[in-house]
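# Prediction below, plus the sequence it came from.
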Amino acid sequence: MLKLPKNLKFIAVTAWILFSRSYDAYCTHTLTPDLSKEANPLVTVAGVSSWSVLLIILGCLTAYALFAFYIRTYKPTNLLPKEKGYSFNHFVAFLFLGYKDQWFATLYKLPSSIKRFNNYMGEVLTKCLAYAGAVSTLMWVLIHNSEYYRSIHSAPIIYSILTGGCFAIIYVWNRSEYQQYLIQD
């Protein structure tokens with residue numbers, strides 16, 4: 001796999017995230033200036049009905065993701081356990097939480113420190129946001145250029161692709177980290 005210098009990687013990933021999130025917001029605003037056709041859960045579930053509020057929330061989340069990515073890139077913390085013998089189940093929990101637990105504890109517990117949280121999110125959230133940018137950019141290109149795609153496009157399909165892809169990204173990264181853990185001295 002091609003390994004980019006960390007400065008180039010940081011700039012490229014940051015630029016991609018900023019471009020793809022901006023492009024998605026621009027296309028969405030063009031399609032639904034009143035948010036009536038917006039499928040984002042902040043609109044459909046949380047009831048956000050203002051573009052200003054939506055953009056502030058999404059901007060803050062993106063800024064946090066990029067801050068965490070900066071931390072992970074330039075001030076990384078080793079998230080691996082020092083103790084040997086962890087099963088993959090316990091390892092996944094340790095990677096996020098900083099202590100041994102069942103993997104599903106990652107769904108309702110928080111890490112042992114903000115430093116761990118930022119490092120973990122700098123890895124995982126950034127990968128998922130870059131992936132979401134690829135999905136949304138491709139979606140908008142197809143909406144603008146493919147009659148067939150417009151006929152099958154739906155929010156449940158897009159959110160299934162996003163959710164499934166993010167779970168796959170997280171699983172693959174966890175599995176890769178577990179392999180490193182197994183071979184460490």
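Structure received. Numbering: from 1, shown residues only.

# mind listing what's buried in stretch 171-181?
Across stretch 171-181, burial judged by 16 or more other CB atoms under 10 Å covers 173, 174, 177, 178, 181. Quick note: C-beta positions are derived from backbone N, CA and C, even for glycine.

# ditto for stretch 130-146
With burial defined by 16+ other CB under 10 Å, the residues of stretch 130-146 counted as buried are 130, 131, 132, 133, 135, 136, 137, 139, 140.

# Test my guess that the first one contacts residue 13.
Yes. In this structure residue 130 lies within contact range of residue 13 using CB atoms under 8 Å: 5.9 Å.

# just the buried residues of stretch 130-146 now: which is nearest residue 34?
Set against residue 34, the nearest of the buried residues of stretch 130-146 by CB to CB is residue 140 (18.8 Å).

# pLDDT weak spots in this protein?
The chain contains residues with pLDDT under 70 at 1-2, 185.

# in the chain, which spans are strands?
Secondary structure of the chain (DSSP state E): no strands present.

# tell me what the longest helix belonging to the chain is packed against?
The single longest helix within the chain, with elements called by DSSP state H, is helix 114-145. Applying 3 or more CB pairs under 8 Å, 6 or more residues apart in numbering; DSSP states H and E, one finds that helix 114-145 contacts helix 6-31, helix 51-74, helix 88-97, helix 147-152, helix 155-183.
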